[in-house]
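Participant: my questions concern the predicted model and sequence given below.
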2 protein chains.
Amino acid sequence: MAVYKAPLQEIRFLLEEVLDYPGQVASLDAYKDFDLETAMAIFTETSKFCTNEMLPLNASADLEGLKYDPEKKTVTTPKGFKELYKKFNAQGIVGISQPVEFGGQGAPAVIGAVLNEFQVSCNQSFAMCPGLSQGAMHAIHSHASEALKQQYMPKLVTGEWSGTMCLTEPQCGTDLGLSTTKAEVHGDHWKLTGTKIWISFGEHDLSENIIHLVLARLPDAPAGIKGISLFIVPKFLLDGSRNPVFCGGLEHKMGIHASPTCVINFEGAEGWLVGLPHKGMQAMFTFMNGARLEVGLQGLGMGEVAYQNALVFAKERRQSRSLNPAKRDTSAGADLILVHPDVRRMLLNCKASTEGMRALAYWTAQQLDLSFHHPDPAVKADAADMVALMTPVVKSYLTERGFENISDCLQVLGGSGYTRDWGIEQFLRDSRIAMIYEGTNHIQALDLVGRKLPVDNGRMYRSFGSKVGRFLKQNREDAALQEFTEPLAKTLELLNGITMEVAMKGMTDPEEVGAVASNYLNLFALTAIAWMWCLAARASVGKDDAFHRAKLKTARYFLSNVLPETRALVAFIKAGKAPMMAFEADEF
Amino acid sequence: MAVYKAPLQEIRFLLEEVLDYPGQVASLDAYKDFDLETAMAIFTETSKFCTNEMLPLNASADLEGLKYDPEKKTVTTPKGFKELYKKFNAQGIVGISQPVEFGGQGAPAVIGAVLNEFQVSCNQSFAMCPGLSQGAMHAIHSHASEALKQQYMPKLVTGEWSGTMCLTEPQCGTDLGLSTTKAEVHGDHWKLTGTKIWISFGEHDLSENIIHLVLARLPDAPAGIKGISLFIVPKFLLDGSRNPVFCGGLEHKMGIHASPTCVINFEGAEGWLVGLPHKGMQAMFTFMNGARLEVGLQGLGMGEVAYQNALVFAKERRQSRSLNPAKRDTSAGADLILVHPDVRRMLLNCKASTEGMRALAYWTAQQLDLSFHHPDPAVKADAADMVALMTPVVKSYLTERGFENISDCLQVLGGSGYTRDWGIEQFLRDSRIAMIYEGTNHIQALDLVGRKLPVDNGRMYRSFGSKVGRFLKQNREDAALQEFTEPLAKTLELLNGITMEVAMKGMTDPEEVGAVASNYLNLFALTAIAWMWCLAARASVGKDDAFHRAKLKTARYFLSNVLPETRALVAFIKAGKAPMMAFEADEF
């Protein structure tokens, strides 16, 4: 079975020395009760819960899976999940970042992000249930009427009720404008009819009630994406009667076997409008943006636990002799595989990218906190820009790279990695969905290039670029940092040039943008992560202890063995759309 | 359920126009009965069998899996496999490349390779059984005494008996020098005692008998890899009595659920020596080299079928509007996703690499044929060199890239790709093992860089380089080919330089070789495949039909959107061992 130890020292380093959590977040009035030591205490306690209670059920739940009863239309979760859910709620994790007025703790988003990372490392399937509730609360709190908030928030905060998001229909996933679920007037509210698919935790036996957030069309709705409204549709109405919303079946998936992926039929189910008519997509994006950061954390968290297990294996398994005679352990018949350069290469590919991605994810979560509560409106607005800019990057890059990292970790174990015993094959299967849901990774890339970059002629990009530029300027005299800042400066220059080229091409031909968006997003991500590594290096130079020495080595590894992927990406981007658009449909 | 259509037109193009099968292979005396049309007829017939009989059982067998009876120590294969195995044998596929004297058809290895590709596209788990038999026959035919050949070959050729290869033990996979299974004298033969693990088709109910090829130590064996001998250990002795070799259990794996991966206990089982005492590794390598080519074909074949299914989906599924208004299909609410550049990018990543890898795999199989039967000893020896050089490249690159390609194809389907319905998630799971077994991919890289390159001061590499160089020289005046030959010339120059650098570093420090071997292998593979694409382009320029036009477009795609991966690889290789070897064990 997989082992896990939360990377608490790493997180303290990030928050204290790299991201200045005390000065940036804990100093805000809204978060004054959450100083660094309080945050660390929360992390320590929650990580114990995740490791001791969630992790032990991860493999058994994957094996057992879910049971669907077609007569009762109910879903039974694997053994131990109901008890785990009660204990989870007792920890107060689900409502930690929710407003105090509804029973939450009002903690910073970055604290919530750290706790989410622990959860997905230990049990992604289970963690999806409270994760969806958090998203639902975010949408309700931001867009619903005061009455709806009072009715639904308190029990979502405690976890007694759970949430879902019902977007996809058989004919539409990416393209929600094609959705047909309809809402008809029913007194002061609505009745919804239609079928939604791929609804995570759409039906289950963990919570007393399930609060669906559903996209549907009002009778007078315009066609397409501008005619969609958002509704609350509870499984049980407030008077306790059953609302006709039923699970029609479960998908059979490659992974996350313990997370029910449901067909949900709305059979004239009563619903209440959230926000304005026809403005449902806007409200749903509030939900999705939070969810996209969370999904990014899935790539990160599962890459982390895969790394930890591969490292345990590499420190136990003896096979072959070191290529360097001086490193041979003659007391044994073979050397630990950690001496072999290629085993190190695979482990470090994971370690160096994971630590950099974690810094970027938490940086983004801190920007979310600033965007909520910073007193200076300019800082607040800029932070919102940074969240908007970085959310698709975090979602897409962290899930893609996370999957690759887990595959590298599996390879470290050889045949053992491919068998169930060590748990890594489950992480690989579970993590693969993260590149798809909450908007496929290419949708993230289009969001970045087609939607975020053009805002106000590149306002978001300029702000990002000037932050990195400022860092480079401030540190350019520092000789000890030069080995780090030089590659960053080159990469930023490269990204600046490419961004300009892509923007120019895109003005006359949107297909050019579509053709290069995915590779552009990865180039952007690598640049942002290189910046994070430079911040980590600046925090580490001159500190002569084991932790900071290792940090500098990992920074170097990132720059020499991960960052150069930019070279291939640049070539692909420069090739533009011609190589792929030249094909007729029957030439594929 | 997945669909499949064998790429017969593509294979004819490769054999006839690119690889000159008629002039290279079919002109050899030994293969005079296998002209191109005969080969194509075999392909057509076998591909029908694979598509109609093997493919329909692929998903159901994955779902059902295997049953192990711990009392009887037997393994029951999924429903339909026994009948399929009988029909398969009736086709004569298993013995097609085996010598006529033992009942085979004596067909060229390249024909066998094509048939193997079809089989793994349709049902990898099932295909492993005859695949292992082919490997066993190869080893027996090359190394066993005439008496043993007469006893074992005929029924292996018909498929009445099947074969295995028993190498791995709990304490040793990569490092077979650590193996401890022992052989003790028993009259004119031996008795074997020990435990082997991860034995594919080590026990099953398909064939009447199972012929294990087992590595074990004679009583006087020197320690390590030089003290290992190879034995034939049949499940049933020739007198029909049961030999004490039993299955102790099955592994639970991420994929290939219908391929039994067995613990095999030899409890004083009678065995017969194959080849010379203590020379078992040499004999086993005969087995493994063939097996490594086959495993490479697994990455290729599963990438091919994944591509075909993703393409079917992309031509059926409508989602969102084309970014180019002129391409919008106003008769429908959305456009086919094949219009979207990123869907094309993912499909073409797969198509361009798959077609190039297929050319390289078949080129290598043709070299095998030349190495067996070419009348000129110099050509024969050079062909053997090319097989030795390219086998690790084919095994490693095709399995790594195949896995990535399947993941890209899965992404084309979005959520549908992650569910069981379309079959692609199974290809992803099934294909992942191919990077591990028959020598992990890094072992292939070490074989290439540490073993093959140094032979006779680079004889194999020089021969490869001069073949590519000769092609470039012959075609340098051809203006129509320049767009293809120029990138190839640059890449070859790059590879030449890097090869020299790696060789120099390796002379003084073998760790340098270990650190860069995996990336070097990929650089080598991309160069070889670029050469294949240039051969395909030369065969296509000036031919104004749909097939050849598409071929040129795909060649261009490869050069612009796959080949530039060399840029990142070169950077990684140039970084050398320092970034990974700098770490102390506790700094990971």
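Facilitator: Now that the structure is in, tell me what you want to look at.
Participant: hang on, A:D447 packs against A:P392?
Facilitator: Yes - with contact defined as CB atoms under 8 Å, A:D447 reaches A:P392; the gap is 4.4 Å. For the C-beta atoms, the positions are set from N, CA and C on the backbone; glycine is no exception.
Participant: quick one, strands of chain A?
Facilitator: Taking DSSP state E as the test, the strands found in chain A are A:67-69, A:74-76, A:161-166, A:182-186, A:189-200, A:209-216, A:229-234, A:245-250, A:261-274.
Participant: just give the number of residues close to A:S466.
Facilitator: By the criterion of other CB atoms under 10 Å in any protein chain shown, A:S466 has 11 neighbours.
Participant: again with A:A221
Facilitator: 17.
Participant: list the residues that contact the residue nearest to it when sequence neighbours are not counted.
Facilitator: In space, and not counting its chain neighbours, A:A221 is closest to A:G227: 3.3 Å by CB to CB, 6 or more residues apart in numbering or on different chains. Applying CB atoms under 8 Å, 6 or more residues apart in numbering or on different chains to A:G227 gives the contacts A:R217, A:L218, A:A221, A:H278.
Participant: by neighbour count, which of those wins?
Facilitator: Within the contacts of A:G227, most neighbours by other CB under 10 Å means A:R217, with 22 neighbours.
Participant: among the strands of chain A, which comes closest to chain B?
Facilitator: Closest approach to chain B among these is made by strand A:189-200 (5.2 Å; CB to the nearest CB).
Participant: average model confidence for the closest one?
Facilitator: Strand A:189-200 carries an average pLDDT of 97.
Participant: same question, stretch A:211-227
Facilitator: Stretch A:211-227 comes out at a mean pLDDT of 95.
Participant: ranges for the helices of the stretch 401-550 of chain A?
Facilitator: Listed in chain order, the helices of the stretch 401-550 of chain A (DSSP state H, counting those that start in this stretch) span A:415-418, A:424-432, A:441-446, A:459-474, A:482-508, A:510-538, A:546-561.
Participant: check the stretch 1-150 of chain A too.
Facilitator: Here the stretch 1-150 of chain A has its helices, by DSSP H, counting those that start in this stretch, at A:8-13, A:21-24, A:36-49, A:58-64, A:81-90, A:109-143, A:146-158.
Participant: mind listing what's buried in the last one?
Facilitator: Same thing as helix A:146-158. Neighbour-count burial for helix A:146-158 flags A:L148, A:K149, A:Q151, A:Y152, A:M153, A:P154, A:K155, A:L156, A:V157, A:T158 (criterion: 16 or more other CB atoms under 10 Å in any protein chain shown).
Participant: who are the contact partners of A:L230?
Facilitator: Contacts of A:L230 by CB under 8 Å, 6+ apart are A:A139, A:H143, A:L213, A:V214, A:L215, A:L273, A:V274, A:G275, A:K279, A:G280, A:A283, A:M284.
Participant: what's opposite it in the beta bridge?
Facilitator: Beta bridges link A:L230 to A:L215, A:V274, judged by DSSP bridges.
Participant: tell me the two of the buried residues of helix A:146-158 that are most distant?
Facilitator: Farthest pair in these (CB to CB) is A:L148 and A:T158. Separation: 17.2 Å.
Participant: one step back: B:A480 is nearest to which of the strands of chain A?
Facilitator: Proximity to B:A480 (CB to CB) singles out strand A:189-200 among these, at 49.1 Å.
Participant: pull up the pairing partners for the closest one, direction included.
Facilitator: Strand A:189-200 pairs in its sheet with strand A:182-186 (antiparallel), strand A:261-274 (antiparallel), by DSSP bridges.
Participant: for the residue nearest to A:W190 when sequence neighbours are not counted, which residues make a bridge with it?
Facilitator: Leaving aside its sequence neighbours, A:W190 sits nearest to A:A183 (CB to CB, 6+ apart; 4.2 Å). Beta-bridge partners recorded for A:A183 (DSSP bridges): A:L192.
Participant: picking up where we left off before, A:F34 is nearest to which of the strands of chain A?
Facilitator: Closest approach to A:F34 among the strands of chain A is made by strand A:161-166 (24.2 Å; CB to CB).
Participant: wait, does the closest one contact chain B?
Facilitator: No - figure legend: strand A:161-166 not in contact with chain B (CB under 8 Å from any CB of the partner chain); closest approach 13.9 Å.
Participant: and the pLDDT for the residue nearest to A:D35 when sequence neighbours are not counted?
Facilitator: Leaving aside its sequence neighbours, A:D35 sits nearest to A:A26 (CB to CB, 6+ apart; 4.8 Å). pLDDT, A:A26: 98.
Participant: quick one, what contacts A:A26?
Facilitator: Counting by CB under 8 Å, 6+ apart, A:A26 has contacts A:K32, A:F34, A:D35, A:L36, A:A39, A:P108.
Participant: could you give the number of residues near the fourth one?
Facilitator: Looking back up the chat, that one is A:L36. Once other CB under 10 Å is used to define contacts, A:L36 is seen to have 14 neighbours.
Participant: try the fifth one
Facilitator: The number of residues packed around A:A39, counting by other CB under 10 Å, is 24.
Participant: tell me the confidence at it?
Facilitator: A:A39 is assigned 98 on the pLDDT scale.
Participant: pretty sure it is touching A:L15, no?
Facilitator: Yes - A:A39 lies in contact with A:L15 (CB under 8 Å); the separation is 6.8 Å.
Participant: joint contacts of those two?
Facilitator: Common contact partners of A:A39 and A:L15 (CB under 8 Å, 6+ apart): A:Y21.
Participant: what comes up buried for stretch A:21-28?
Facilitator: Buried residues in stretch A:21-28, counting neighbours by 16+ other CB under 10 Å, are found at A:Y21, A:Q24, A:V25, A:A26, A:L28.
Participant: contact residues of the stretch 101-250 of chain A facing chain B?
Facilitator: By the rule CB under 8 Å from any CB, the part of the stretch 101-250 of chain A lying against chain B is A:T168, A:Q171, A:C172, A:G173, A:T174, A:D175, A:G177, A:L178, A:W198.
Participant: nearest residue to the first one other than its sequence neighbours?
Facilitator: In space, A:T168 comes closest to A:W198 once its chain neighbours are excluded; the distance is 4.7 Å by CB to CB, 6+ apart.
Participant: go on, the second one?
Facilitator: If you skip the residues right next to it in sequence, A:Q171 has A:L178 as its closest partner in space, 5.4 Å away by CB to CB, 6+ apart.
Participant: could you measure from the one you found over to A:L215?
Facilitator: Remark: distance between A:L178 and A:L215 (CB to CB, to the nearest Å) = 11 Å.
Participant: which one's more surrounded, those two?
Facilitator: A count of neighbours by other CB under 10 Å puts A:L215 above the other of A:L178 and A:L215, at 26 against 20.
Participant: centre of the chain to the worst-scoring helix or strand of chain A on mean pLDDT, how far?
Facilitator: In chain A, no helix or strand scores lower on mean pLDDT, DSSP states H and E than helix A:280-314, which sits at a mean of 92. Offset of helix A:280-314 from its chain centre (CA atoms, centre = their mean, to the nearest Å): 3 Å.
Participant: go on, stretch A:25-33?
Facilitator: Mean-position distance between stretch A:25-33 and its chain equals 24 Å (CA atoms, centre = their mean).
Participant: with stretch A:370-380 instead?
Facilitator: Computed by CA atoms, centre = their mean, the chain-centroid distance of stretch A:370-380 equals 23 Å.
Participant: and it, average pLDDT?
Facilitator: Confidence for stretch A:370-380, expressed as mean pLDDT, is 97.
Participant: endpoints of it, how far apart?
Facilitator: One end of stretch A:370-380 to the other measures 6 Å (CA to CA, to the nearest Å).
Participant: contacting residues around stretch A:58-75?
Facilitator: Contact with stretch A:58-75 is made by A:1-2, A:76-81, A:122-126, A:203-205, A:246-250, A:255, A:257-258, A:260, A:262, A:420, A:423, A:426, A:430, as judged by CB under 8 Å, 6+ apart.
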